[in-house]
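**Student:** when you get a sec, could you give me coordinates for this:
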Amino acid sequence: MLTCALSTTPFRRVFAALVTSPEVSCAKTPGKTERLCYTDDYLFRKHLVACGGDNTMFAGAGMASRYVDRILRAQVYDVACESALTRAPRLSQRLNNQILLKREDEQTIFSFKLRGAYNKIYGLSAADRARGVIAASAGNHAQGVALAGHRLQIPATIVMPGTTPGIKVDNVRRLGGKVILHGDSYDQANQFAQQQATAQQLSFIHPFDDPAVIAGQGTIGAEIVRQHAEPIAAIFVPVGGGGLIAGIAAFIKQIRPEIKIIGVEPEDAPTLHQALAAGCPVRLDQVGLFADGVAVQQIGAETFRVAQELVDEVILVSTDQICAAIKAIFEDTRTVAEPAGALAVAGIQRYLVQHPLQDQTLIAILSGANINFERLRHVGERTEVGEQREALLAVEIPEQPGSFLRFCRALKAHNITEFNYRYADGQRAQVFCGVTLAPGENDAAHLAAELRTQGYTVVDMTDNEVARSHIRHMVGGTAPQVTDERIYRFTFPERPGALLRFLSGLSDRWNISLFHYRNHGAAYGRVLVGIQLPVQARAGFAAAMAEAGYDIADETENPAYRLFAQGGLSTGEHHASSATHS
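**Tutor:** All right, here's what the predicted structure looks like:
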């Protein structure tokens, strides 16, 4: 059994030994394994006394210490398992570091969220339990609340955004939760849920901004300390509302303060990143919904208070980088992570580009694996770009026999992954092609430069959103007879009937001259629309779209449209576009 002397051993070291020692047993429950009871208050109190201390040993020691007691007493293992901490061999070899995955996808609901939800609901009074609970969630917290309600025989109502993946909605119902679909975002669902909580006297179970929820998530940090006693350089944690990173940081920074805690967020949902920059929680005007599990407009007040003190850094990653991380996780585990679940791996890959570490241990929290099957098509399309293994190029070649063969030879070792072309005139042809890239950040630029030296006019479309999402699927010729055409890109929350409502909103005042839409299982619907708008009508159109609340971008000058759907660019425009979009 572990013994300690307060006078000779710093308490932090003693406590770290306590939670990592395989010899610690639980006298309260004979035969119970250490991993299921090391968070029991019994052990916490017992070894404080053994060291000659009491509850005041953590007093005044900072934010982290105030949460350690809560985390050690958190009731999570009635529904949660201690998830595995496994090595990702392919990632480790490719990144020249030991990459470990904390497999929260192994939980019953395939997400960490059941920890915090159960801990909060378990602590409710008998009167509160009898009245029932209500929660707002994009999916995973909802499943945790439904499971906890079912296990504790408490009525559970879940308000979910209409954009929530069907797999999560179905799972909540399967677990016995009553589902109400409301609004297009978590924040709209949350507002409605709180109104219902007040009206029906239900206990509102917050998905992140509650000390009991934070403590439940913090048990992941306690498990990591016990599972890996060797040096750890950093733990990468996905961030939405901040409950997960607050809980993990609170425990880790008290027990292993040398370990960096690094948050990872999507570029289009930087809640913690913006809050840290401003020094207080900031409400974002809008957030991207691809990583729906972290699609939160404002970080919690309590989670920010913890994160501001304890989190070392926040990294932002793109949708393509998230998709590449989903593939990397699959190759190592044969598990398909949801976008939010893959954030931490995407963060590690981005971090190592900026900080070339070697032979370090980096841990990624694989936070969930609830993804709609239909979304995999979109993930697959974006993965190659996210891994920097594919470039999308617009190339002008002569309209004459043998041109395509000569172009293929000019590519040398680069294989063609996609080739789109349609006859336009007898002099020149615009082709849209995808080509494989060799490892290295500058291979696309080197390829474009090589093609230019051989006389080809090249525009790099790899980072052009219109080219990736629309033009590559609709290359088919220009329409010089169409006059006053303006091209707009719209996004709207994807749900049944969304496209029809969008078209109805355009009304019949304007003539549509081009239209492209694909439903690829993502949370946002993306539409590219051409509308004939004389100069005098443009202000009225802009006002009508603003009033309707559409997210709209004018893409009339986008070279992908100019090359493949409207007309060609002059030589000067080619060079300018290449500089802008490469």
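**Student:** which of the three states applies to the closest residue to residue 456 other than its chain neighbours?
**Tutor:** Of all residues not flanking residue 456 in the chain, residue 395 sits nearest, at 5.4 Å (CB to CB, 6 or more residues apart in numbering). For glycine as for every other residue, the C-beta is placed from the backbone atoms N, C-alpha and C. Three-state secondary structure (criterion: DSSP: H, G, I helix; E, B strand; the rest coil) places residue 395 in strand.
**Student:** against residue 445, how distant is residue 395?
**Tutor:** 15 Å (CB to CB, to the nearest Å).
**Student:** residue 93 too?
**Tutor:** 27 Å.
**Student:** one more: residue 264?
**Tutor:** Residue 264 is 27 Å from residue 445, by CB to CB.
**Student:** who has more neighbours, the two?
**Tutor:** Neighbour count, other CB atoms under 10 Å: between residue 264 and residue 445, residue 264 has more, with 33 against 13.
**Student:** surely that one touches residue 342?
**Tutor:** No: Residue 264 is beyond contact range of residue 342, at 9.5 Å (criterion: CB atoms under 8 Å).
**Student:** quick one: terminal-to-terminal distance for stretch 309-316?
**Tutor:** Terminal residues of stretch 309-316 are spaced 19 Å apart (CA to CA, to the nearest Å).
**Student:** what does stretch 527-538 contact?
**Tutor:** By CB atoms under 8 Å, 6 or more residues apart in numbering, the list of residues contacting stretch 527-538 from outside reads 466, 469-471, 474, 482-492, 499, 502, 506, 510-517, 541, 555, 565.
**Student:** right, and residue 291 touches residue 343 too?
**Tutor:** Yes: under the criterion of CB under 8 Å, residue 291 makes contact with residue 343 at 6.4 Å.
**Student:** got any residues that touch both of the two?
**Tutor:** 238, 266, 322.
**Student:** adding secondary structure and pLDDT, write the residues you listed out as TSV.
**Tutor:** TSV is the format used below for those (DSSP: H, G, I helix; E, B strand; the rest coil; pLDDT from 0 to 100):
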residue	secondary structure	pLDDT
238	strand	98
266	strand	96
322	helix	95
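**Student:** turn these into a markdown table, columns for distance to residue 155 and neighbour count.
**Tutor:** Compiled in a markdown table, the shared contacts of residue 291 and residue 343 are given as follows (distance: CB to CB, whole Å; neighbours: other CB atoms under 10 Å):
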| residue | distance to residue 155 | neighbour count |
| --- | --- | --- |
| 238 | 30 | 28 |
| 266 | 34 | 27 |
| 322 | 36 | 28 |
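**Student:** and which of these is nearest to residue 360?
**Tutor:** Comparing those against residue 360 with CB to CB places residue 238 closest, at 20.2 Å.
**Student:** helix or strand: which one has the closest residue to that closest one other than its chain neighbours?
**Tutor:** Closest residue in space to residue 238, ignoring its immediate chain neighbours: residue 343 at 3.8 Å, by CB to CB, 6+ apart. For residue 343, the host element (DSSP states H and E) is helix 343-354.
**Student:** same question for the helix or strand just after that helix, mean pLDDT?
**Tutor:** Going down the chain from helix 343-354, the next helix or strand is strand 361-366, by DSSP H and E. On average, the pLDDT along strand 361-366 is 98.
**Student:** list the helices and strands strand 361-366 packs on?
**Tutor:** strand 98-103, strand 234-238, helix 343-354 (3 or more CB pairs under 8 Å, 6 or more residues apart in numbering; DSSP states H and E).
**Student:** got phi/psi on residue 430?
**Tutor:** phi -100, psi 120 (degrees, to the nearest 10).
**Student:** excluding chain neighbours, what is closest to it?
**Tutor:** Spatial nearest neighbour of residue 430, excluding adjacent residues (CB to CB, 6+ apart): residue 563 at 5.0 Å.
**Student:** can you check residue 284 too?
**Tutor:** Residue 284 sits nearest to residue 297 (CB to CB, 6+ apart), 4.8 Å away.
**Student:** circling back to that earlier point, please tell me how far the residue nearest to residue 430 sits from residue 451.
**Tutor:** Going from residue 563 to residue 451 by CB to CB gives 15 Å.
**Student:** count the neighbours of residue 65 for me.
**Tutor:** By other CB under 10 Å, 17 other residues sit near residue 65.
**Student:** can you give me the pLDDT of residue 224?
**Tutor:** Residue 224 carries a pLDDT score of 97 in this model.
**Student:** so the closest residue to residue 122 other than its chain neighbours, which state does it fall into?
**Tutor:** The spatial neighbour of residue 122 that comes closest, neighbours along the chain excluded (CB to CB, 6+ apart), is residue 75 at 4.5 Å. With three-state DSSP as the basis, residue 75 sits in coil.
**Student:** and the helices in the stretch 51-200 of the chain, which stretches?
**Tutor:** Secondary structure of the stretch 51-200 of the chain (DSSP state H, counting those that start in this stretch): helices at 63-72, 89-95, 114-122, 126-131, 140-152, 166-174, 186-200.
**Student:** and those helices, which is most packed in?
**Tutor:** Of all the helices of the stretch 51-200 of the chain, helix 114-122 carries the top mean neighbour count, a mean of 29, counting by mean count of other CB atoms under 10 Å.
**Student:** what's the distance between the most centrally placed residue in the chain and residue 375?
**Tutor:** In the chain, the centroid-proximal residue (CA atoms, centre = their mean) is residue 340; its distance is 3.1 Å. Distance of residue 340 to residue 375, computed by CB to CB: 12 Å.
**Student:** next: residue 100.
**Tutor:** The span separating residue 100 from residue 375 equals 27 Å under the rule CB to CB.
**Student:** related to what we said a few turns ago, now do the helix holding residue 343 and strand 98-103, the angle between them.
**Tutor:** Put simply, helix 343-354 runs at 160 degrees to strand 98-103, going by axes from the mean of the first three to the mean of the last three CA atoms, to 10 degrees.
**Student:** what comes up buried for helix 343-354?
**Tutor:** Buried residues in helix 343-354, counted by 16 or more other CB atoms under 10 Å: 343, 344, 345, 346, 347, 348, 349, 350, 351, 352.
**Student:** check contacts around the first one.
**Tutor:** When contacts are counted by CB under 8 Å, 6+ apart, residue 343 is found next to 238, 239, 264, 265, 266, 291, 294, 317, 322, 325, 367.
**Student:** what's opposite residue 527 in the beta bridge?
**Tutor:** Counting by DSSP bridges, residue 527 forms beta bridges with residue 490, residue 517.
**Student:** what is the neighbour count of it?
**Tutor:** Neighbours around residue 527, by other CB under 10 Å: 22.
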